[in-house]
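A structural model of the following input is requested.
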Amino acid sequence: MPSVLDHIVLTIICEKPMHGFAISKELDADESLVAVMKVRRPLVYRSINSLEAAALIRPSKTEAGAQGSERTVYSPTARGKATSAEWLEGIVEHPRDARIELLAKFVLRSRANMSNKGLAKRQRDLFSVFAQEFKTKEKVAEPNTKLVSRWRYESIHAMIRLLDSVIDE
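Next up, the predicted model:
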């Protein structure tokens with residue numbers, strides 16, 4: 001199962017075939033992506049290796065590098081394109097994963113001129129269930145865990161407010 005970084009790299013390759021160095025530069029150049037996740041170059045290459053092993057990308061050509069060594073350009077496979085599209089449409093299953101994964105999806109969807117409203121609505125519906133559960137747990141929590149329960153409720157409630165603002169844009 002691809003990691004969040006694997007999905008980000010795959011989606012960038014789906015936008016335009018690239019070599020690892022170019023992907024790394026793209027991740028550093030897009031302020032929105034940098035705000036979501038700062039990625040070191042070796043992790044990009046590890047992700048490329050994982051994606052290639054999973055047959056989600058394939059080498060499509062080589063280009064001369066600035067330093068003289070050749071660079072392999074990767075293109076998505078049909079399965080890679082489908083995997084990226086499915087990931088971009090899918091909701092994040094747990095609030096703890098929203099900070100990076102959901103924000104990355106919103107940024108990448110915006111780069112592709114995709115609306116974020118439908119995803120935000122589906123995500124809000126799921127997170128509303130979590131909010132109710134957290135509120136219920138807070139009411140019955142022991143005094144020593146009440147603060148943790150309150151934190152979880154307030155955090156998800158903030159996410160829901162943000163999702164509502166995305167929906168209302």
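
from residue 81, how far out is residue 135?
41 Å (Cβ to Cβ, to the nearest Å). All C-beta spots, glycine's among them, are computed from the backbone N, C-alpha and C.

one more: residue 143?
Where residue 81 is concerned, residue 143 sits at a distance of 52 Å (Cβ to Cβ).

between those two, which has more neighbouring residues?
Set residue 143 next to residue 81 and count neighbours by other Cβ atoms under 10 Å: residue 81 wins out with 17 against 6.

and the closest residue to residue 18 other than its chain neighbours, backbone torsions?
Nearest residue to residue 18, sequence neighbours excluded (Cβ to Cβ, 6 or more residues apart in numbering): residue 73, at 6.3 Å. For residue 73, the backbone dihedrals (degrees, to the nearest 10) come out as phi -90, psi 130.

quickly list what residue 73 is bridged to.
Beta-bridge partners recorded for residue 73 (DSSP bridges): residue 19, residue 61.

which ones are touching it?
By Cβ atoms under 8 Å, 6 or more residues apart in numbering, residue 73 lies in contact with 17-19, 59-63.

now rank the residues you listed by neighbours and give me the top one.
In the contacts of residue 73, the most neighbours by other Cβ under 10 Å go to residue 18, 23 neighbours.

verify the stated contact: that one with residue 76.
No - assessed by Cβ atoms under 8 Å, residue 18 is found out of contact with residue 76, at 10.6 Å.

what do the two both touch?
By Cβ under 8 Å, 6+ apart, no residue touches both residue 18 and residue 76.
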